[in-house]
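Q: Show me the folded form of this:
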Amino acid sequence: GGDEQFVKQMLESFIQTTKKGLEEIKESIKAMEWGKVSELAHKLMSPCHSLGAMNLYKLLVAIEKGAISETDAIQIETLIERAFKEFEVIGEHIDRHIANMA
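A: Numbering: from 1, shown residues only. Predicted coordinates:
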C-alpha cells in the first residue's frame, strides 16, 4: 500500500531471520540433528516463497526432504552451501532495493 518504511522493515527482517536460520541449519547438519534441520528449513520456506525467492525456496525443500530421509550428510551440506550462495544474491538485490527507497 505504498508504506515504504514497512516494506523496508520486512525486507530487513527477512535478511536477518533467513541468515540466522541458514546458519542454524548448517550447525544442525554438522551435528546430524536431522529433525532440527528439517524443522528449520521448513520455517524458512514460507517467507522465501512469499518474497519470490524461488531458487532458495527449492533448495530449502530439498534440504527438508533430505533431512527427513536422512540422506547423506555431504549431499545436504552441498545443498546448504548452495543456499548460502543464493541467499547472498538475494541479499544484494534487497540491499539495492532498500538503497533505492531512500
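Q: which ones are touching the closest residue to residue 14 other than its chain neighbours?
A: Once flanking residues are discounted, residue 14 sits nearest to residue 47: 5.7 Å by Cβ to Cβ, 6 or more residues apart in numbering. Every residue, glycine included, has its C-beta placed from N, CA and C. Taking Cβ atoms under 8 Å, 6 or more residues apart in numbering, we find residue 47 in contact with 14, 17, 18.
Q: And residue 74, how far from residue 62?
A: Going from residue 74 to residue 62 by Cβ to Cβ, to the nearest Å gives 14 Å.
Q: nope, residue 43 is what I meant
A: Applying Cβ to Cβ to residue 43 and residue 62 gives a distance of 15 Å.
Q: In this protein, which residue is most central in space?
A: Centroid check for the chain by Cα atoms, centre = their mean gives residue 18 as the closest residue, at 4.6 Å.
Q: Distance from the chain centre to stretch 18-34, please.
A: 11 Å (Cα atoms, centre = their mean, to the nearest Å).
Q: mind saving the C-alpha coords of that stretch as CSV?
A: The C-alpha coordinates for stretch 18-34 follow below in CSV (Å, rounded to 0.1, in the frame of the first residue of the first chain):
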residue,chain,number,x,y,z
THR,A,18,17.0,-16.1,6.9
LYS,A,19,20.7,-15.6,7.6
LYS,A,20,20.2,-16.8,11.2
GLY,A,21,18.1,-19.8,10.0
LEU,A,22,20.6,-20.8,7.4
GLU,A,23,23.4,-20.7,10.0
GLU,A,24,21.4,-22.8,12.4
ILE,A,25,20.7,-25.3,9.6
LYS,A,26,24.4,-25.6,8.9
GLU,A,27,25.2,-26.2,12.6
SER,A,28,22.4,-28.8,12.8
ILE,A,29,23.7,-30.6,9.8
LYS,A,30,27.2,-30.8,11.4
ALA,A,31,25.6,-32.2,14.5
MET,A,32,23.5,-34.6,12.3
GLU,A,33,20.3,-33.3,14.1
TRP,A,34,18.0,-34.2,11.1
